[in-house]
Structures are given as structure tokens and as C-alpha cells.
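J.: Sequence first, predicted coordinates after that:
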Amino acid sequence: MSYLVLNGLTKRYGNVAAVDNLNLSIKQGEFVSLLGPSGCGKTTTLQMIAGFIEPSAGSIVLNGRDLNHIPANKRGLGIVFQNYALFPHMTAAQNVAFGLEMQGVSKAECAERVSDTLKLVGLGHLADRYPARMSGGQQQRVALARALVIKPGVLLLDEPLSNLDAKLREEMQLELRSIQRTVGTTTILVTHDQSEALALSDRIVVMNQGRVEQISEPFTAYEEPSSEFVGGFLGKANVFRVQIETINGVGHAKVAQAQIPLDGLTIAAGSVIVRPEKLLFSEPSPNALPGKMKTRVFQGNHWLCQVETSVGDVLVIRQNDGVPVPVEGTTVHLRWRAQDMRSVAASN
């Protein structure tokens with residue numbers, strides 16, 4: 001059953017639609033990410049839910065309650081900002097307690113809830129420490145605890161991990177997902193980081209120019225993108241133009257010189273996406289696309305290769321199995337299976 005419903009949510013600035021007729025239903029306890037490039041409307045959507053921006057049209061309904069005319073401080077939502085927005089003159093415990101004090105919670109209950117929430121985020125031992133003496137990751141945990149301690153109807157996360165270094169960001173992704181599952185709070189994350197969205201979300205909402213391009217579970221969004229934009233934004237992708245031909249009674253998808261047997265699959269002529277990790281180096285064959293190794297980059301657990309072909313540069317990702325990939329300048333041949341092609345709508 002839907003817990004938070006955005007119906008026709010729209011925000012216009014003059015003739016420009018920052019968010020255009022967004023429809024989204026979120027179940028209680030679900031973790032949903034709004035994903036897209038800068039200017040796609042994801043942060044504007046979050047701010048409308050929070051009450052910081054008034055919609056031009058549409059409704060926001062939380063557990064049957066219309067939020068449109070309820071001020072931000074009365075909506076009962078928890079928010080974690082990109083810069084954490086901690087009070088520097090307050091300790092971790094005082095920062096976390098602030099929202100409860102504003103609600104008039106008794107001192108005894110406040111102390112207990114603050115202590116429990118700091119332990120939940122792994123900072124029980126730093127209750128008396130000030131933000132200036134904390135790492136970025138610790139500050140982020142305090143901000144998360146401050147949002148969770150009020151037991152919000154929805155937790156809103158505005159790029160909360162973007163200021164952390166890569167290793168700490170990955171660690172905090174695991175922590176954040178674990179905490180969210182433990183608490184069960186309905187959560188909406190705004191991010192431009194596709195790996196973060198894939199790692200954390202129950203569902204991903206991919207946005208582009210104020211509109212929703214696709215709403216689906218992470219695996220489906222990655223494996224079955226609905227458009228060139230989604231395929232290219234949600235990970236690396238090769239876009240090929242295919243023609244369908246029958247050769248000796250067997251259907252083939254033709255990409256330049258390569259003739260890929262369809263093996264009974266139905267693929268429409270037009271644009272298809274093939275993920276770089278689906279491509280294999282092979283021997284010369286009518287089923288293979290010839291090219292020349294243009295660039296190869298070793299990234300530890302895998303190789304990232306750029307192959308120059310008659311249809312443009314093609315990306316190939318090969319796992320590191322202990323055998324180096326062909327050197328730059330070498331003639332190579334690329335093969336992939338028919339089931340690795342995904343028909344997509346062409347980008348505008």
C-alpha cells in the first residue's frame with residue numbers, strides 16, 4: 001500500500017519546468033533514490049516534499065495527509081543535508097537532542113532517545129565531542145542521528161555522502177543501508193552517483209530535464225534501461241544501431257560487420273545498448289566486430305578498454321583473471337550474445 005504519494009507534482013519558474021508532472025508512489029519502509037544529472041529536478045522534488053519549495057501544481061500526500069499547505073517544521077520529516085548543517089557550538093549529543101527539545105520532549109526521554117540513536121549510528125562513545133573534532137564520516141553520522149531521533153515519517157537525504165572520500169563513502173553506504181533496514185524508516189535519497197543509487201535503493205527514479213525517465217528496481221534499471229539516457233547515465237553503455245536480417249533462415253542483428261544470431265529472440269531494428277562487461281575478445285568471425293585496441297587502463301580488479309571500430313569507440317570491461325588484455329594498437333574482435341542487447345528509445 002502506498003505511504004507517500006506524489007501526484008502530478010510540478011514546479012515551474014516562468015516558462016521553465018524544473019519538475020514536470022512527477023507521479024510516484026512509495027511504500028512504507030521503502031528506500032527510493034532520485035537519480036540524475038545536475039538540473040534534472042531531483043533536489044527540487046526533495047525540497048517540495050520537505051516543504052522548502054511550494055509546488056506549482058500537484059499534491060504530496062503522506063499516510064493520507066495532504067502536505068501541500070503544511071509548513072516544513074510541521075511535516076515531521078527528517079532531513080540530512082550535503083553539508084550536515086551541525087551546530088558547531090554543540091556536542092554530538094546536543095546536536096541530536098535539538099529536534100526533540102523543539103518538540104517539547106521531556107529531558108529523561110530525550111536523553112534516552114539521544115543515547116540510543118547515537119549508539120545506532122556507532123557514535124555512543126563520542127556523545128560529548130564537538131563537530132570540529134570529528135571526521136567527515138562522524139559528522140555525517142551525527143547529522144543522520146539528528147534526523148532519525150525524531151522518528152520521522154520520511155527521511156530525506158540530500159547527497160549526504162558527496163563530501164566524503166571514495167573509501168569512506170563506500171563504507172557509509174553500507175552503514176546507511178544497514179541503519180535504514182534496522183529502523184525501517186521510509187527514505188528518499190537524492191544523488192547523482194549511480195553506484196550509490198544502485199547500492200542503496202529498493203527502487204531508483206531516473207530523472208532528466210524535470211521528467212521521470214524510468215522507475216524500477218536497481219537491477220532492472222541497469223539491465224533493462226528504457227532509453228539511451230538511462231542506459232548511459234546508469235553505468236557505462238555502448239549504443240549500437242542494429243538492422244535485422246535473415247541469413248540462411250536464421251534471424252540476425254547486424255551491427256556493421258558483425259552478424260549476431262538472434263537465437264529465437266525478438267529484437268527491433270534501431271538502437272540497442274550493450275554493457276561493456278558483456279563484451280568478449282574473440283577470434284575473427286562473421287559474428288564478431290573487428291577493431292583496434294585504442295586504450296587500456298588497468299584498475300586492479302578489472303581492465304577498462306577502449307576499442308576503435310567502424311561504429312565508433314566501444315568500451316569493454318574485462319575482469320582481471322591474471323591474463324593481460326591485448327596491448328594498444330592490436331587488432332581485436334568483439335563478440336556478445338543476442339540476449340545482452342537491450343532495445344532502447346533513442347535520446348532526443
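T.: Nice, I can see it.
J.: what's in contact with stretch 219-235?
T.: Where contact means C-beta atoms under 8 Å, 6 or more residues apart in numbering, the residues beyond stretch 219-235 that reach it are 35-37, 194, 197-198, 204, 206, 208, 213-214, 216, 237, 239, 271, 273, 275, 342, 344-347. C-betas here are computed from N, CA, C, even on glycine.
J.: Quick check: buried residues in that stretch?
T.: Going by neighbour count (16 or more other C-beta atoms under 10 Å), the buried part of stretch 219-235 is 221-223, 225-235.
J.: quick revisit: now, the contacts of stretch 219-235 that are in helices?
T.: Secondary structure from DSSP state H places 194, 197-198 of the contacts of stretch 219-235 in helices.
J.: other SSEs contacting the one helix or strand K254 maps to?
T.: Element membership for K254 (DSSP states H and E) is strand 250-255. Applying 3 or more C-beta pairs under 8 Å, 6 or more residues apart in numbering; DSSP states H and E, one finds that strand 250-255 makes contact with strand 238-247, strand 258-261.
J.: so how many other residues sit close to N15?
T.: By the other C-beta atoms under 10 Å criterion, the neighbourhood of N15 contains 5 residues.
J.: which element is L334 on?
T.: Going by DSSP H and E, L334 is part of strand 331-335.
J.: Check what pLDDT the nearest residue to D66 once chain neighbours are set aside gets.
T.: Using C-beta to C-beta, 6 or more residues apart in numbering and skipping the chain neighbours, the partner closest in space to D66 is S59 (6.0 Å). Reported pLDDT at S59 in the predicted model: 97.
J.: and the nearest residue to L67 once chain neighbours are set aside, what are its bridge partners?
T.: The shortest distance from L67 to any non-neighbouring residue, by C-beta to C-beta, 6+ apart, is to I60 (4.4 Å). Residues in a beta bridge with I60, per DSSP bridges, are L6.
J.: you'd agree I60 is up against G8?
T.: No - the pair formed by I60 and G8 falls short of the contact definition of C-beta atoms under 8 Å, at 10.4 Å.
J.: The two: which has the busier surroundings?
T.: When neighbours are counted by other C-beta under 10 Å, I60 and G8 differ, and I60 comes out ahead with 21 against 12.
J.: Report the contact partners of that one.
T.: When contacts are taken as C-beta under 8 Å, 6+ apart, I60 is in contact with 4-6, 9, 48-49, 66-68.
J.: Please produce a PyMOL select command covering the buried subset of the contacts of stretch 219-235.
T.: Selection of buried members from the contacts of stretch 219-235 for PyMOL, criterion 16+ other C-beta under 10 Å:
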select buried, resi 35+36+194+197+198+204+206+208+213+214+216+237+239+271+273+275+342+344
